[in-house]
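In: just a sequence and a predicted model for now, questions to come.
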Amino acid sequence: MRLVLAEDAAVVREGLAGLLTDRGMEVAAAVGDAEALLAAVERTRPDAVVADIRMPPTHRDEGLRAAAELRRRHPGLGILLFSQYIETGYAHSLLADGPAGIGYLLKDRVLDVDDFIDALHRVVAGGTALDPDVIARLLRAGPSLAVLTPREHEALGLMAEGLTNAAIARRMGISQRAVEKHTAALFDKLEIPRTTATHRRVQAVLHYLGEGRG
């Protein structure tokens, strides 16, 4: 697996690069800011990016904005972001365009090498890797997925893969209108508030991942 690593703290950056190299991965570039990250991806064409959300110059959301730009330029690129803090707003922004190929871990979780490597493999394969503590913070206590019918559960699982309603309809062998009915029903059963359609899909996927299916 070929990676680009972005972390402004040199000691952490070098430690992560060494850890990943020891696990047989190729660190094509290790950089310290978002601008350098964008340039390194264009230059090296990696399989995935591992980046801190907070980087220079403001140490706020530079990594997140770089990730959004990379998703636009390279739709198949796996992106695994990490942060010292649980940033609920950032997590929603990260998932808004679909959860496929996206990961968000707390820095403490990165120290669990096996979990970290597993998360990397999942995002490169087009899956999702969200820190359990992030999911817990994002979700209020609510109904279990057991309230869903088998077809609603199937539709939710496909939604968690990042499929559109049209793609879900093809996979399930039903009409797009039927998919819309299933998704509307599962939103209501999971008590997901009526805000934007994108927000509701993100919340539904978080429910799915929160019950151990991520």
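Out: That came through fine.
In: quick one, what contacts Leu38?
Out: 66, 69-70 (Cβ atoms under 8 Å, 6 or more residues apart in numbering). C-betas here are computed from N, CA, C, even on glycine.
In: whoops, Ala125 was the one
Out: Gly78.
In: name the nearest residue to Ile117, ignoring sequence neighbours.
Out: Arg23 (5.7 Å; Cβ to Cβ, 6 or more residues apart in numbering).
In: re earlier: out of the contacts of Leu38, which are buried?
Out: 66, 70 (16 or more other Cβ atoms under 10 Å).
In: which one of the contacts of Leu38 is nearest Glu42?
Out: Leu70 (9.5 Å; Cβ to Cβ).
In: contact partners for Arg171?
Out: Applying Cβ under 8 Å, 6+ apart, the residues contacting Arg171 are 158, 163.
In: which helix or strand contains it?
Out: In the assignment (DSSP states H and E), Arg171 maps to helix 165-172.
In: for that helix, which residues meet the burial criterion?
Out: With the criterion 16+ other Cβ under 10 Å, helix 165-172 contains buried residues 165, 168-169, 172.
In: check the offset of stretch 53-60 from the chain's centre.
Out: Centre-to-centre, stretch 53-60 and its host chain are 19 Å apart (Cα atoms, centre = their mean, to the nearest Å).
In: give me the buried positions along it.
Out: 53-55.
In: next: stretch 87-107.
Out: Buried residues in stretch 87-107, counted by 16+ other Cβ under 10 Å: 87, 90-91, 93-95, 98-106.
In: and which of these is nearest to Arg43?
Out: Using Cβ to Cβ, Gly101 is the member of the buried residues of stretch 87-107 that lies nearest Arg43, at 20.5 Å.
In: would you map the helices across the protein?
Out: 10-22, 34-44, 62-73, 88-95, 107-110, 113-124, 132-138, 150-160, 165-172, 176-189, 197-208 (DSSP state H).
In: still on that earlier bit, burial check on the residue nearest to Ile117, number of neighbours?
Out: The local packing count at Arg23 equals 13, with neighbours defined by other Cβ atoms under 10 Å.
In: contacting residues around the spatially most central residue of the chain?
Out: By Cα atoms, centre = their mean, the mean C-alpha position of the chain lies nearest to Ile102, the distance being 2.7 Å. If a contact means Cβ under 8 Å, 6+ apart, then Ile102 has 79-80, 94-95, 123, 128-129 as its contacts.
In: quick check, nearest of these to Leu3?
Out: Leu80 (9.0 Å).
In: distance of that closest one relative to Ile117?
Out: According to Cβ to Cβ, to the nearest Å, Leu80 stands 10 Å off from Ile117.
In: which one of these two is surrounded by more residues?
Out: A count of neighbours by other Cβ under 10 Å puts Leu80 above the other of Leu80 and Ile117, at 24 against 16.
In: is that one bridged to anything, and to what?
Out: On the basis of DSSP bridges, Leu80 takes part in beta bridges with Val50, Gly103.
In: thanks a lot, see you next time.
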